[in-house]
Each structure stands twice: as structure tokens, then as C-alpha cells.
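**Q** Have a look at this prediction, sequence included:
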Amino acid sequence: MNATQLKCICGAVEITLTGQPLMQYFCHCDDCQTVHGGAYACAVYPANSVEVSGETCATVLKTSPRTKCSQCGTYLFAEIPGRPVRGVNGALFPEGAFAPEFHIQCQFSKKPIMDGLLHFRGLPTKFGGCGELMEW
């Protein structure tokens, strides 16, 4: 099975991802913006496909538990409430390995996003949302 190795900024924590991501996207929700200061580049994997070695800690600022390196504070992944998946930090991927398909929760975006991707006001239908798109 295909495996991808990622590390935090200081190298103290390593993540092994098995298989391919279920999806990749940018999340603009108020929770992600509070934690990351902007949109969160998210690669979703089944939780059992994300193996972590090294010392981590988890925090919750609003709704989503987020795991980070205990030494350098790099955010590694977020737990998606009510789902057996983890949203791995797309910024940790090697160049070209993070290929987002769309943006979600654009209602919280601070300014219009201009790229060739779909921009959902809230959630797409495959996430249980209405699938409404933003009209920038």
C-alpha cells in the first residue's frame, strides 16, 4: 500500500499516511480561521490511515480537536467531529502532493477567492450541506 511520510517543522513528530486521501480542500470556517489565521489546507484520510510517532498534544479552540507537535507547535491534523477521519495539514505535504478540489465554508472568507476551484458557501452535498456556491 502507498505510504506518505510527513514531519512537523522541527522534525520531532512524524506522520505516516497510508493510501490516498479521500479528498483535499481548503476550509474557511471560523474555527479554522481562528486556529490558523486563514483557510486550512486539508487532506482528509480515514483516521486509521494516519499513524503518528512523537510527542503531540491536542487543543480545541472552538469545535474541532487539533493535534500539534508538543515541541514546535506545528498543527498536524484536525479531528472532524462525528466522522472517523482526520484532516491532515496540507501545508506539510511535499510540493505538488496537496491538490485541493474545492473550498468550503466560504461564507467566512475575509475576501473573494479567485482560483479555478468550486467555492461552497457552506458545505457541499457530499458533506451533508446544500451545495450552494458562492457568487463572488
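**A** Cool, the structure landed.

**Q** C-alpha only now, for contacts and for neighbours.
**A** Will do.

**Q** after the top strand by length along the chain comes which helix or strand?
**A** Ranked by residue count under DSSP state E, the longest strand found in the chain is strand 40-46. The element immediately downstream of strand 40-46 (helix or strand, assigned by DSSP states H and E) is strand 50-53.

**Q** average pLDDT for that following strand?
**A** Strand 50-53 carries an average pLDDT of 98.

**Q** Show me which residues of it are buried.
**A** Buried residues in strand 50-53, counting neighbours by 16 or more other Cα atoms under 10 Å, are found at Val50.

**Q** Show me what that strand is packed against.
**A** Applying 3 or more Cα pairs under 8 Å, 6 or more residues apart in numbering; DSSP states H and E, one finds that strand 50-53 contacts strand 14-18.

**Q** Buried by neighbour count: which residues of the strand it packs on qualify?
**A** For strand 14-18, burial by neighbour count (16+ other Cα under 10 Å) applies to 14-15, 17-18.

**Q** Direction included, what does that strand pair up with?
**A** strand 3-7 (antiparallel), strand 50-53 (antiparallel) (DSSP bridges).

**Q** for the next helix or strand after the shortest one, the distance to its chain's centre please.
**A** What it means is strand 50-53. Downstream of strand 50-53, the first helix or strand assigned by DSSP H and E is strand 56-59. In terms of Cα atoms, centre = their mean, to the nearest Å, the centre of strand 56-59 is set 16 Å apart from its chain centre.

**Q** helix or strand right after strand 56-59?
**A** Next along from strand 56-59, by DSSP H and E: strand 66-69.
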